[in-house]
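# model the following, please.
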Amino acid sequence: MTKTYTVEDINDYQNRLSELQETELIEHCNQFGIKPDICAWYDDMDDFYQDWVEDNKICKTESEADERYEYGVDIGEFKAFPNGEIVRLVM
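Residues are numbered from 1 along each chain as shown. You can find the predicted model right below:
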């Protein structure tokens with residue numbers, strides 16, 4: 001049986017989710033069966049590139065980072081909000 005997550009299950013280490021984002025995140029987590037445990041916040045894609053390409057050298061290029069991001073979106077690892085913010089969930 002798959003657990004259904006609620007807002008109370010969210011682990012937001014930065015404590016910055018709005019009420020609307022909490023609702024969207026819970027819907028996302030329940031859709032993908034992923035615990036709502038945030039491990040990274042990005043203000044936008046530029047911030048994502050800064051972390052993944054420039055700072056931590058996880059990817060060599062922004063194009064490579066885009067591919068990794070899209071894969072993460074497909075499996076539910078990343079959740080982008082309408083305001084451009086992105087969270088990464090512990091997988």
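# and Gly76, its phi and psi?
Per-residue torsions, Gly76: phi 90, psi 0 (degrees, to the nearest 10).
# spatially nearest residue to it, not counting backbone neighbours?
Computed as C-beta to C-beta, 6 or more residues apart in numbering, the closest residue to Gly76 that is not its neighbour in sequence is Phe32, at 2.9 Å. (C-beta placed from N, C-alpha, C; glycine too.)
# correct me, but that neighbour touches Ile75?
Yes. Using C-beta atoms under 8 Å, Phe32 makes contact with Ile75 at a distance of 7.2 Å.
# between these two, which is the more surrounded one?
Between Phe32 and Ile75, Phe32 has the larger neighbour count (other C-beta atoms under 10 Å), namely 15 against 11.
# next helix or strand past the lengthiest strand in the chain?
In the chain, taking DSSP state E as the definition, the longest strand is strand 37-42. Tracing the chain C-terminally past strand 37-42 and defining elements by DSSP states H and E, one meets helix 45-49 next.
# just checking, what packs against that following helix?
On a contact count with 3 or more C-beta pairs under 8 Å, 6 or more residues apart in numbering; DSSP states H and E, helix 45-49 meets helix 62-75, strand 86-89.
# and the shortest one, average pLDDT?
The one in question is strand 86-89. Per-residue pLDDT over strand 86-89 has a mean of 98.
# and for stretch 37-55?
97.
# again, but for stretch 3-20
The average pLDDT within stretch 3-20 is 94.
# now do the end-to-end distance for it.
Start to finish, the residues bounding stretch 3-20 are 21 Å apart (C-alpha to C-alpha, to the nearest Å).
# now swap in stretch 40-57 and tell me
The straight-line separation of the ends of stretch 40-57 (C-alpha to C-alpha) is 16 Å.
# can you list the neighbours in contact with it?
14, 16, 58-62, 64-65, 68-69, 84-88 (C-beta atoms under 8 Å, 6 or more residues apart in numbering).
# now list the buried members of these.
59, 62, 65, 68-69, 85-88 (16 or more other C-beta atoms under 10 Å).
# with that, I have no additional questions.
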